[in-house]
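Undergrad: Here you go, sequence then predicted model.
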Amino acid sequence: MKLFMVVVFCLAYVSVSRASPTTSPDKGTTKCPDGYTRFKESCYLLNNEVTSWIEAYQMCLLFGGYLIEVDDTNEYSFIQGYLNEHGQGEGISLGTYRYQSGRYGSYETENRQSYAGYWMGANSIELPGHWFWMKSRKIVDFDIFDKADINVTDSSCLCFDRSNMSQSRNKKCHTQMYSICERNTQ
């Protein structure tokens, strides 16, 4: 299954890397590649493959972009609305796990789900409590977000929470969830 996913991602990379933003001859405006949605000077792609933050970061690079960087409240509102309309509302099953639950050898099973959210391109991995966007290396402006659910002193990664009207929050970077890739139109 892993080999199949690698082949699919490689094929997606080849097709997306050839599909760079193009200028429309009739309007003189730049349009986004197929599958992307445009807002202002950026193109956005919902990646509905669940991955950790670093895998999502690498996947966006393969697609010719980067994990989304939210620059202002207008972009934040746009992404919230876009996710509420088009995003996955629930996580997916990651499988059933069997584990020993007691001293006497009894076993239990647990069905694990991915998190119902979308990764953004900010983290505080390098220095806990100091948040940076990975592409631009700018400090994250938390005044843009609904930050009630963000622990800004934590060492984690930033995401949109689909179970809470796509508000922003931070999660451990190994958490499995969806992601949003962004690429500039110019």
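TA: Sure thing, it's come through.
Undergrad: for this structure, which spans come out with low pLDDT?
TA: Flagging of the chain using pLDDT under 70 yields the residue ranges 1-29, 90-112, 147-149, 153, 164-166, 186.
Undergrad: in it, which strand has the most residues?
TA: strand 42-51 (DSSP state E).
Undergrad: Just the buried positions in the next helix or strand after that one, please.
TA: Downstream of strand 42-51, the first helix or strand assigned by DSSP states H and E is helix 53-62. Buried residues in helix 53-62, counted by 16 or more other Cβ atoms under 10 Å: Trp53, Glu55, Ala56, Tyr57, Met59, Cys60. For glycine as for every other residue, the C-beta is placed from the backbone atoms N, C-alpha and C.
Undergrad: now the last one, nearest residue through space, not along the chain?
TA: Computed as Cβ to Cβ, 6 or more residues apart in numbering, the closest residue to Cys60 that is not its neighbour in sequence is Cys181, at 3.8 Å.
Undergrad: now that neighbour, what's its secondary structure?
TA: Classification of Cys181 by DSSP: H, G, I helix; E, B strand; the rest coil places it in strand.
Undergrad: Show me which of the buried residues of helix 53-62 is closest to Lys138.
TA: Tyr57 (16.1 Å; Cβ to Cβ).
Undergrad: Give me the spatial nearest neighbour of the closest one, chain neighbours excluded.
TA: Per Cβ to Cβ, 6+ apart, closest to Tyr57 is Leu67, 5.3 Å.
Undergrad: what's around the one you found, how many residues?
TA: 28 (other Cβ atoms under 10 Å).
Undergrad: Make sure it is actually in contact with Asn123.
TA: No. Counting by Cβ atoms under 8 Å, Leu67 does not reach Asn123; the two are 9.3 Å apart.
Undergrad: Give me the common contacts of the two.
TA: Trp53, Met134 (Cβ atoms under 8 Å, 6 or more residues apart in numbering).
Undergrad: Could I have the CA atoms of stretch 154-170 written out in CSV?
TA: Output in CSV follows, covering the C-alpha atoms of stretch 154-170 (Å, rounded to 0.1, in the frame of the first residue of the first chain):
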residue,chain,number,x,y,z
ASP,A,154,3.8,24.8,23.5
SER,A,155,6.2,23.1,21.1
SER,A,156,3.7,22.1,18.4
CYS,A,157,2.3,22.9,14.9
LEU,A,158,-0.6,25.1,13.9
CYS,A,159,-3.8,23.8,12.3
PHE,A,160,-7.4,24.6,11.4
ASP,A,161,-9.8,22.6,13.6
ARG,A,162,-12.7,21.4,11.5
SER,A,163,-14.7,20.2,14.6
ASN,A,164,-14.7,23.8,15.8
MET,A,165,-15.8,25.9,12.8
SER,A,166,-12.3,25.8,11.4
GLN,A,167,-10.8,27.9,14.1
SER,A,168,-7.1,27.8,14.6
ARG,A,169,-5.4,25.7,17.3
ASN,A,170,-2.1,23.9,17.9
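Undergrad: Nice, that's everything, thank you.
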